[in-house]
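> here is a sequence together with a model predicted from it:
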Amino acid sequence: MSETGTERRPLRRGLPDPKDASNVRYNPSLERLRELAEDDETTTEFGSPSYVSEYRSRSSEKTKNAVDSTFTADDYGFLEDAVDIANDREVLCVDRLMGRHPEATFCCRLFVPREHARIALAWAKLFEPTDGREPDLVTVQDPDYEGTAIRVLPEEGFTAVLGSDYTGEAKKSFLRLFMYRTKRLGGLGLHAGSKRVRVRDADGEMTTVGQVFLGLSATGKSTLTSHGLWLEEPEEAAMLQDDVCALLPDGSVAGSEGQGLFIKTIGLDEDEQPALYDAATDESAILENVAVDDDGTVDFDEPRYTKNSRAIVQRSELESADEGIDLETIDQVFFITRNPLMPPVAKLDEEQAAVAFMLGESIETSAGDPSRAGEPIRVVGTNPFIIGSEGEEGNRFRDLTAELDVDCFVINTGYLGEESTDVGVTESVTILTELARGTVGWTDDETTGLTIPEEVPGLDIAEYYVPDHVDDYEDAAAELREERREYLAVFEDLDEGIRDATY
């Protein structure tokens, strides 16, 4: 029986054995996959392939999983259709390994019709080649299906992606289950990036700090995670993961994607994001829905097809990317927000940190719901891929970070008040660097009710005091707190102590 009481069906048993089935091409090389996708390719000025998809964001409203929903016969029908597609059509089958951690490594298998080889190519460049083990997780994606439906059997590790040709659906079908499986290990899957920073502390001694960044797509998560912090040897900042990882009970953070990153390209700036820009303009990259002219000229700023244009870039082309993907010890967690009533950074106690986790405040982006891009949004854990009780996720986050003595912060990468003062990459990077050094001075501010910096070396932090940038700040802040209380009240499984810590 499933957790919802619906009887499971062993659907994966009906999938073809890719090593024997005549209709399956098993693990073609990356070069062969590109050849198979050549009819869809525009070759860029950098020599990389560029593709345009019909679907340009995830179909969130068309997605259901069997833990949070009781599956009907129709839901199982979609999964059965996916099995039939894998057996009846000429399909490509690609196996890849997700993760390297001894407790969190999974073999992933993707079936996709041969006509959509570009999806298999892009997905294959995100994860590392298989070591030959049997798959833990399987996805069948058929863009040609009439209608759109994404159905997930978490316990069986099986996902059907029907009627969408968006590469992000293939990627998230596996990362969603990575987070679910690691939660069952006593940890917590995070829609987050991770990095290891080595700096001189306030006493001049070298120290290592593990940082994790939670944020929705397009809020600066990739930028902050991959940024080298302008450090010089022996100091260094090494990116470990960009998108999804898992906090485990021993304090380590398991990575998932060992080969590539799936980054946003609108607004990609060569000066402020040199590492990501160089990787996106390398021959090894794959562009998706980026403005590319027939002669191969690339314009990252033009939203010709969508504001959710993407690039699959290789870790090997990122100077700040470490050889490893797992963080040994977590020390600092950052909740990235674009809420204009939030300061550039605030330090949170363990209950407030759980509030920040539950609120997941940001703005809607074109990666989620393009029709609502720019609107305020709340997503628990800034993670649209949670399976199971969201309240229990907040409780577990509080318990894990408290047990591990993790410092938690909310960091604003947007603007203050009515767009009067922008918090740019320079300001955010300065804050992150000095937090790693331990040189930030704090004060408990009565007006905001938050612990905010009174001193940040290299930054005139007084210029970023939020009440100075908001008319009627006290009224606006009181209204925000009441909205937050009402929002948190709907999570029945959330501990009362967390609700009471609303800031």
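Good, I have the coordinates. Just so it is clear, the structure is predicted and the values come from calculations on it, not from any experiment.
> list phi and psi for residue 478.
Dihedral angles of residue 478 (phi, psi; degrees, to the nearest 10) stand at phi -60, psi -40.
> give me the neighbour count for it.
11 (other C-beta atoms under 10 Å). Every residue, glycine included, has its C-beta placed from N, CA and C.
> swap in residue 185?
15.
> assess the claim that it and residue 102 are in contact.
No: between residue 185 and residue 102 there is no contact under C-beta atoms under 8 Å: 11.0 Å.
> got phi/psi on residue 468?
Dihedral angles for residue 468 - degrees, to the nearest 10 - are phi -70, psi -10.
> mind checking how far it is from residue 452?
12 Å (C-beta to C-beta, to the nearest Å).
> neighbour count winner among the two?
residue 452 (22 against 13).
> give me the beta-bridge partners of that one?
Following DSSP bridges, residue 452 is listed with bridge partners residue 443.
> go ahead and confirm it touches residue 446.
No: with contacts counted by C-beta under 8 Å, residue 452 stays clear of residue 446, the gap being 10.9 Å.
> poorly predicted segments of the stretch 351-500 of the chain, please.
Counting by pLDDT under 70, the stretch 351-500 of the chain shows low-confidence ranges at 363-374.
> how about the secondary structure of the nearest residue to residue 24 once chain neighbours are set aside?
In space, and not counting its chain neighbours, residue 24 is closest to residue 18: 4.5 Å by C-beta to C-beta, 6 or more residues apart in numbering. Secondary structure, DSSP: H, G, I helix; E, B strand; the rest coil: residue 18 is coil.
> neighbours of residue 18, how many?
For residue 18, using other C-beta under 10 Å, the count is 20.
> so who does it touch?
By C-beta atoms under 8 Å, 6 or more residues apart in numbering, the contact list for residue 18 reads 24, 26, 27, 93, 109.
> confidence score at the nearest residue to the second one once chain neighbours are set aside?
For residue 26, the nearest residue in space outside its immediate sequence neighbours is residue 18; the separation is 4.1 Å by C-beta to C-beta, 6+ apart. Among the per-residue scores, residue 18 holds a pLDDT of 97.
> same question, residue 9
pLDDT at residue 9 comes out at 55.
> alpha carbons of stretch 308-319, as PDB, please.
Provided in PDB are the C-alpha atoms of stretch 308-319 (Å, rounded to 0.1, in the frame of the first residue of the first chain):
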ATOM      1  CA  ASN A 308      13.600  31.300 -18.700                       C
ATOM      2  CA  SER A 309      16.400  30.700 -21.300                       C
ATOM      3  CA  ARG A 310      18.900  28.200 -20.100                       C
ATOM      4  CA  ALA A 311      22.400  26.800 -20.600                       C
ATOM      5  CA  ILE A 312      23.800  23.400 -19.500                       C
ATOM      6  CA  VAL A 313      27.400  24.200 -18.600                       C
ATOM      7  CA  GLN A 314      30.200  21.900 -17.500                       C
ATOM      8  CA  ARG A 315      31.700  22.000 -14.000                       C
ATOM      9  CA  SER A 316      35.100  21.500 -15.600                       C
ATOM     10  CA  GLU A 317      34.800  24.900 -17.200                       C
ATOM     11  CA  LEU A 318      34.100  26.700 -14.000                       C
ATOM     12  CA  GLU A 319      37.200  27.900 -12.300                       C
END
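> now it: buried residues?
For stretch 308-319, the neighbour count (16 or more other C-beta atoms under 10 Å) marks 308, 309, 310, 311, 312, 313, 314, 315, 317, 318 as buried.
> helices and strands around the host helix or strand of the fourth one, which ones?
What that stands for is residue 311. For residue 311, the host element (DSSP states H and E) is strand 310-314. Helices and strands touching strand 310-314, by 3 or more C-beta pairs under 8 Å, 6 or more residues apart in numbering; DSSP states H and E, are helix 167-184, strand 260-264, helix 274-280, strand 286-288.
> deepest of those, which one?
strand 286-288 (a mean of 27; mean count of other C-beta atoms under 10 Å).
> all the strands of the stretch 201-350 of the chain, in order from the start?
206-214, 236-241, 245-247, 253-255, 260-264, 286-288, 291-292, 298-299, 310-314, 332-337, 345-348 (DSSP state E, counting those that start in this stretch).
> please disregard the earlier target; I meant the stretch 351-500 of the chain.
Going by DSSP E, counting those that start in this stretch, the stretch 351-500 of the chain shows strands at 361-363, 376-378, 407-412, 415-416, 421-422, 441-445, 450-455.
> the residue nearest to residue 24 and residue 135, how far apart?
Counting by C-beta to C-beta, the gap from residue 18 to residue 135 is 10 Å.
> quick one: contacts for the residue nearest to the spatial centre of the chain?
Note on the chain: the residue nearest the mean C-alpha position is residue 243, at 3.3 Å, using C-alpha atoms, centre = their mean. Listed by C-beta under 8 Å, 6+ apart, the contact set of residue 243 reads 175, 191, 192, 193, 221, 222, 256, 257, 261, 262.
> quick one, what contacts the last one?
Neighbouring residues of residue 262 by C-beta under 8 Å, 6+ apart: 126, 167, 168, 171, 242, 243, 310, 311, 312.
> equivalent analysis for the first one, please.
Under the criterion of C-beta under 8 Å, 6+ apart, the contact list for residue 175 reads 98, 243, 244, 256, 257, 385.
> hmm, try it at 6 Å
244, 256 (C-beta atoms under 6 Å, 6 or more residues apart in numbering).
> can you say which of the helices and strands packed on strand 310-314 is nearest to residue 475?
strand 260-264 (34.9 Å; C-beta to C-beta).
> partner strands of the closest one, parallel or antiparallel?
Strand pairing (DSSP bridges) places strand 260-264 next to strand 310-314 (antiparallel).
> hmm, residue 402 is touching residue 350, no?
Yes: counting by C-beta atoms under 6 Å, residue 402 does reach residue 350; the two are 4.4 Å apart.
> for burial, what's the neighbour tally of the residue nearest to residue 358 when sequence neighbours are not counted?
Computed as C-beta to C-beta, 6+ apart, the closest residue to residue 358 that is not its neighbour in sequence is residue 394, at 4.5 Å. Per other C-beta under 10 Å, the neighbour tally for residue 394 reads 28.
> likewise for residue 146?
7.
> and it, what element?
With DSSP H and E as criterion, residue 146 is part of no helix or strand.
> check the gap between it and residue 167 for me.
Taking C-beta to C-beta, one finds residue 146 at 21 Å from residue 167.
> quick check: closest non-adjacent residue to residue 316.
Nearest to residue 316 is residue 284, by C-beta to C-beta, 6+ apart, at 7.5 Å.
> count the neighbours of the one you found for me.
The number of residues near residue 284, taken as other C-beta under 10 Å, comes to 17.
> surely it is in contact with residue 314?
Yes: here residue 284 reaches residue 314: they are 4.7 Å apart, a contact under C-beta under 6 Å.
> confirm residue 161 sits in a strand?
Yes: using three-state DSSP, the assignment for residue 161 is a strand.
> show me the contacts for it.
141, 150, 169, 173.
> try it again at 10 Å.
58-59, 62-63, 78, 82, 110-112, 119, 139-143, 145, 148-152, 169-170, 172-173 (C-beta atoms under 10 Å, 6 or more residues apart in numbering).
> what do you get for residue 407?
Contacts of residue 407 (C-beta under 10 Å, 6+ apart): 209, 211, 330-334, 347-348, 350, 353, 401, 435, 438.
> can I get the residues you listed in CSV including neighbour count?
Shown next, in CSV, are these (neighbours: other C-beta atoms under 10 Å):
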residue, neighbour count
209, 21
211, 26
330, 24
331, 20
332, 18
333, 27
334, 27
347, 18
348, 22
350, 19
353, 25
401, 23
435, 24
438, 13
